[in-house]
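Asks: Pasting the sequence and the predicted coordinates here, then a few questions.
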Amino acid sequence: MLEIIKYPAEILNNPMPAFDFDNPIMDPVELKEKMLEAQFANNGVGLSACQVGIETAAFTMGSEQYKDKAQIFINPVVLDSSADIVLDTEGCLSFPGVFVKIKRPTWIVAEFWDQNGEKQVGRIEGYDARCYLHECDHLNGIVFKDRVSNLKWDMASKRARKNIKKGLINA
């Protein structure tokens, strides 16, 4: 199984190259399966390829409860987003136990390619939009630590370290 890479691994701060369907780094169907396996095994709702050491612009998203609806998003972009912004809590598999509130648009219009190399365009709303944007950040070398103040980050990190020390969270 693919292993989750933890911050401060350098790959997490690097923009990822586009996935090349003509000369793929790996079969996109296999990439989706392997990434979803790691995502679900770690109780995640999203996972970028760079978080498992694969240098390409792709991420998976979905819940284990609805595995049949889980998707891979290859070479994703955001075409439009709402002016309405919501502050909500996010976590990240590369930062075990750390949760911070981040501002994100309430909806986006996304463009990406699926595992069959077919272009998809659609509106994504609510928590799905938040997850899509979080994973796109990873592909651009942005980690969620970059989206909050140092004070908020220090408080959240301290809380996570305490919970890990108490055995409430696996590091």
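Replies: Now that the structure is in, tell me what you want to look at.
Asks: Glu90 contacts Val143, doesn't it?
Replies: No - using Cβ atoms under 8 Å, Glu90 is not in contact with Val143, being 10.9 Å away. (C-beta placed from N, C-alpha, C; glycine too.)
Asks: Looking at the two now, which is surrounded by more residues?
Replies: Between Glu90 and Val143, counted using other Cβ atoms under 10 Å, the more crowded position is Glu90 (20 against 17).
Asks: So which bits of the helix or strand hosting the more buried one are buried?
Replies: Assigned by DSSP states H and E, Glu90 belongs to strand 85-92. Neighbour counts over strand 85-92 (16 or more other Cβ atoms under 10 Å) mark 86, 90-92 as buried.
Asks: Run the chain-centre distance for stretch 86-102.
Replies: Stretch 86-102 sits 11 Å away from the centroid of its parent chain (Cα atoms, centre = their mean, to the nearest Å).
Asks: helices and strands around the strand holding Glu90, which ones?
Replies: On a contact count with 3 or more Cβ pairs under 8 Å, 6 or more residues apart in numbering; DSSP states H and E, strand 85-92 meets strand 95-105, helix 126-139.
Asks: how about 10 Å then?
Replies: strand 46-48, strand 95-105, helix 126-139, helix 150-165 (3 or more Cβ pairs under 10 Å, 6 or more residues apart in numbering; DSSP states H and E).
Asks: Give the partner strands of it in its sheet and their orientations.
Replies: strand 95-105 (antiparallel) (DSSP bridges).
Asks: going on from the partner strand, what's the next piece of helix or strand?
Replies: Following strand 95-105 toward the C-terminus (DSSP H and E): strand 107-113.
Asks: and that next one, what's its mean pLDDT?
Replies: Averaging pLDDT along strand 107-113 gives 98.
Asks: I'd like to know which elements that strand is packed against.
Replies: Taking 3+ Cβ pairs under 10 Å, 6+ apart as the contact cut, strand 107-113 packs with strand 58-61, strand 71-81, strand 119-125, helix 126-139.
Asks: Among the ones you listed, which comes closest to Ile164?
Replies: Closest to Ile164 of the helices and strands packed on strand 107-113, according to Cβ to Cβ: helix 126-139, at 21.7 Å.
Asks: quick one, that closest one and strand 107-113 angle?
Replies: 50 degrees (axes from the mean of the first three to the mean of the last three Cα atoms, to 10 degrees).
Asks: Only C-alpha atoms, please: export helix 126-139 in CSV.
Replies: Coordinates of each C-alpha in helix 126-139 appear next as CSV, following Å, rounded to 0.1, in the frame of the first residue of the first chain:
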residue,chain,number,x,y,z
GLY,A,126,-20.0,22.8,-0.1
TYR,A,127,-17.5,20.5,1.6
ASP,A,128,-16.7,18.9,-1.8
ALA,A,129,-15.5,22.2,-3.1
ARG,A,130,-13.4,22.7,0.0
CYS,A,131,-11.8,19.3,-0.4
TYR,A,132,-11.2,19.9,-4.1
LEU,A,133,-9.5,23.3,-3.3
HIS,A,134,-7.4,21.7,-0.5
GLU,A,135,-6.1,19.0,-2.9
CYS,A,136,-5.5,21.5,-5.7
ASP,A,137,-3.4,23.5,-3.2
HIS,A,138,-1.2,20.4,-2.7
LEU,A,139,-0.7,20.1,-6.4
